[in-house]
Structure formats: C-alpha cells, structure tokens
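**Student:** structure of the sequence below:
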Amino acid sequence: MIFYCESRIFSGQERMFLTAACALSLDTKCILIVNRMNASAIEFSKKNGNFSEINLLDNFDQRFSSLLVWFRWNRISSLSLFLKKNRLQHSTICVSQGRIESGNVGVIAGKLARLNVISYIPMVHSHVEMGSGKFSGVMKGLLCSILYKLPDSFITISNEVAIELRGNCKAEIKVVENFAQQRDLEHIKEPPALLDDKEYYKLILPGRLLNKQKGQLDLVKALKIVSEKTSQKIVCYIVGDGPDKDLINTEIYKLCLNQNIFMLGNRSDLLSIMYECDLVVLPSIFEGVPLVLLEAAILGKDIIASDIIGFKEYLSGNDVFSPSNPDSLADKIISKLQKPTIRAVYSKSLQYLISRNEKLFTDDFRKALSALSSGLFIEENK
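**Tutor:** Now for the predicted structure:
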C-alpha cells in the first residue's frame, strides 16, 4: 500500500490519515510519500510507523489547484513513473485530500500508473460557501466536479459527508469515523490574561487561523454586538496559527476589542485552557468533523457551533446558529449568558464518537482499505 500526503500542515485530517497509515505499516510493507515541508507529519510517521520507504515530496503552491493541477505534468509524470516501478508490490495508493482540490497530483499519477486510487476526504464544499463570487464560484465548481470523478473510491468521516459526496460521484464510499485521544490535562505554565478572573465569562475558539473556513471574523463581530447588548464581562481566546492571523488581529483592534479578545497562537496546553473556559465556540463556514469538537465534548464543555454538516448532527438545535451570521452567533452567546446552567446537549452520534479510540479507528480504516482494494490489498500482503 502506498500513502500520499502533500499537505504542508499537520492538522486533524493529516493526523487521522497518518495514524491509519502508521498502524498499517507496522505489519504490512507500506510506502509513504509526504511533503518535505511538513516536519510534524514526517516526525509523527517515523515515530509511530515502520514504512519501508518515506519519500519526500517537494513543496509547491497549492492555490488554484483545481485548475493548475492540469499543468503540473513534470511532477505528475515523475510520480507516475515511481508508482509504475512499485506497481507489482503496491497496486493501491491512498491519497489524503483535505479538500477535493488537494492531493490531485497523487490521484492523477496513480491513475496514469494504473493503480487503484482511494481518496481519504473529510468534507464536501461549494466555492460559494467558501466566499467566492457567484460566477467564479460556479466556474470553480465545474472544475472540481471533474476532480470528484478521478478516484476509484473514497473513505470519508461521517454518513452526512458520504451523502454529500454521493451527489458528486458514483464511486464506492466507506465511512470511517474519527476519534480523539483521551489526554491528561497539563499544567498551564503561562495562563492567558484573565483566565483566573471569576468575574469574566470565558469563550474559546480553537483552530487554524483561516477565516474563510473557520469563521474567526464572525466571532469577533459577534462579540462586538454582545458587548453593546450586555454588561457581562467577557473574554475570548482564539487559539491557533495560520495565514489570517494579521487579518483577524486587525479586526480585533478595529472594533476596540483588544482588551477582551486574545490571540494565543498554538498552545500545547490548549485542552487545559479549554477546560477553564465556559463556552467553546465553533463558527466554521464549512467543515468535516473537527477533532476540536470531540476534544471539547470529552471535556464535557458547553459548545455552540454553526449549523452545518460537521456540527448539526452532533449538537441539538438549541446549540447551533446560522453560519456566516454574526447576529445569529451573538444571539446564541447572549442566550448562554442569560442561562448559564443550560449546557449543550450531545447527540448519540457525538457520544459514540468520543467513546472511540485509536484501535477502533485503525481497525475500521484497515477494513475499508481492504474492501475498496477489491482483494488487491489482501494479495499484496501474502
């Protein structure tokens, strides 16, 4: 089995994918192809896996990948030749696709090498959802519709995402649900401002600083509305790093909220900070099933989230708000302030998710790979 991961970041999608790949590599001959810029992914794979080869993929600009992938033929051809040389031992390639635009160098190379191509994809989205204009969103959608037809099969992370995926392709789809590690809380060596002040109601938004997906600006704008409608002392922590750090910080200062909203960057003690907060806010515009939702639920936290696939099947209707709508988010926060004893209701699906562990996840992933390989996966390992 060959695993392909071209992402430069090591977020929840990559962690799930490489957890499965590492588990398989411990008792099966596997090759990993990974972006050389993703140091965390490489370290994780070496520590937890036993790959016969780890090949480092040169980094490239992944913007406009739905279009530019068709012009990356030197890269695709080189990878295809490598796959052909290994085809007798490895007839299947599993490609990590955080979005359908990503990972397509691996998908196309795999198709050219006549391998069985399996896509591991956590979400389906439209470019209008992502903030594209009507015309550009339609054009990007047409380009992406072709990309959904390339893999021979898919592994995704929930039944709801699978339903969306079936609207874009006719390939076989298997669902392997996520898991989150049950981790001990660590001591907070440098507590963020006001964390210990009992007079403040504390909110936290963890996640990559990518506003078009995670919706951090919606929360900033909502908190301005909340501050004008209530006298409650509020503090908010935005935890994470990413390309929109300056954009979010500028909006915080523009709305004079720099004494109430603090950007903490990446924190190894995120779970400990989250545990001390009153409310976890997840205002994503599109999403799979983020690990932070599972981590917050494991801690038993009060949670509100946008009413999208990825959240709405895991929380009650009282705990979701309209996506891309600061007014709706502000109203939900105010309702929590007014009734602090009424906490989020976890659905049975979420309760099941937080009961899952790494072994269940890797076992399910292995079964999905075997089924989608049509017996080839079994033959490879005889």
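
**Student:** please make it C-alpha for all contacts and neighbour counts, starting now.
**Tutor:** OK.

**Student:** quick one: low-confidence ranges for this structure?
**Tutor:** Applying pLDDT under 70 to the chain picks out residues 64, 66, 126-141, 374-382.

**Student:** do you have the strands of it handy? List them.
**Tutor:** 2-5, 31-35, 53-57, 92-96, 116-120, 153-156, 172-175, 201-206, 234-239, 261-265, 279-282, 303-306, 320-321 (DSSP state E).

**Student:** which one of those strands lies closest to Val289?
**Tutor:** Ranking those by proximity to Val289 (C-alpha to C-alpha) places strand 153-156 first, at 10.1 Å.

**Student:** partner strands of that closest one and their direction?
**Tutor:** Note on strand 153-156: by DSSP bridges, its sheet partners are strand 116-120 (parallel), strand 172-175 (parallel).

**Student:** just the ones you listed: most buried one?
**Tutor:** strand 116-120 (a mean of 26; mean count of other C-alpha atoms under 10 Å).

**Student:** need the contact list for Thr341.
**Tutor:** By C-alpha atoms under 8 Å, 6 or more residues apart in numbering, the contact set of Thr341 is empty.

**Student:** any idea how far Val320 is from it?
**Tutor:** According to C-alpha to C-alpha, to the nearest Å, Thr341 stands 17 Å off from Val320.

**Student:** could I get the strands paired with strand 153-156 as JSON lines with distance to Cys236?
**Tutor:** JSON lines is the format used below for the strands paired with strand 153-156 (distance: least, C-alpha to C-alpha, whole Å):
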{"stretch": "strand 116-120", "distance to Cys236": "34"}
{"stretch": "strand 172-175", "distance to Cys236": "35"}
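
**Student:** nearest to Ser373, of these?
**Tutor:** Comparing the strands paired with strand 153-156 under C-alpha to C-alpha, the one sitting nearest is strand 116-120, at 6.9 Å.

**Student:** contacting residues around the closest one?
**Tutor:** Contacts of strand 116-120 (C-alpha under 8 Å, 6+ apart): 17, 91-98, 107, 110-111, 151-156, 369, 372-373.

**Student:** tell me how far it is from the chain's mean position?
**Tutor:** 18 Å (C-alpha atoms, centre = their mean, to the nearest Å).

**Student:** and the angle for it with strand 92-96?
**Tutor:** Using axes from the mean of the first three to the mean of the last three C-alpha atoms, to 10 degrees, one finds that strand 116-120 and strand 92-96 are set 20 degrees apart in direction.

**Student:** C-alpha coordinates for strand 116-120, CSV please?
**Tutor:** Listed next in CSV are the C-alpha coordinates belonging to strand 116-120 (Å, rounded to 0.1, in the frame of the first residue of the first chain):
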residue,chain,number,x,y,z
ASN,A,116,-6.3,1.6,-7.6
VAL,A,117,-6.8,5.1,-6.2
ILE,A,118,-8.6,5.6,-2.9
SER,A,119,-9.2,9.2,-1.7
TYR,A,120,-9.4,9.9,2.1
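
**Student:** neighbours around the closest residue to Leu112 other than its chain neighbours, how many?
**Tutor:** Using C-alpha to C-alpha, 6 or more residues apart in numbering and skipping the chain neighbours, the partner closest in space to Leu112 is Ser80 (6.3 Å). Using other C-alpha atoms under 10 Å, Ser80 is surrounded by 24 other residues.

**Student:** Ser80 reaches Val105, doesn't it?
**Tutor:** No - counting by C-alpha atoms under 8 Å, Ser80 stays clear of Val105, with 9.3 Å between them.

**Student:** tabulate the strands of the chain (a markdown table), appending distance to Pro192.
**Tutor:** Shown next, in a markdown table, are the strands of the chain (distance: least, C-alpha to C-alpha, whole Å):
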| stretch | distance to Pro192 |
| --- | --- |
| strand 2-5 | 35 |
| strand 31-35 | 34 |
| strand 53-57 | 38 |
| strand 92-96 | 35 |
| strand 116-120 | 37 |
| strand 153-156 | 36 |
| strand 172-175 | 39 |
| strand 201-206 | 11 |
| strand 234-239 | 8 |
| strand 261-265 | 8 |
| strand 279-282 | 16 |
| strand 303-306 | 21 |
| strand 320-321 | 27 |
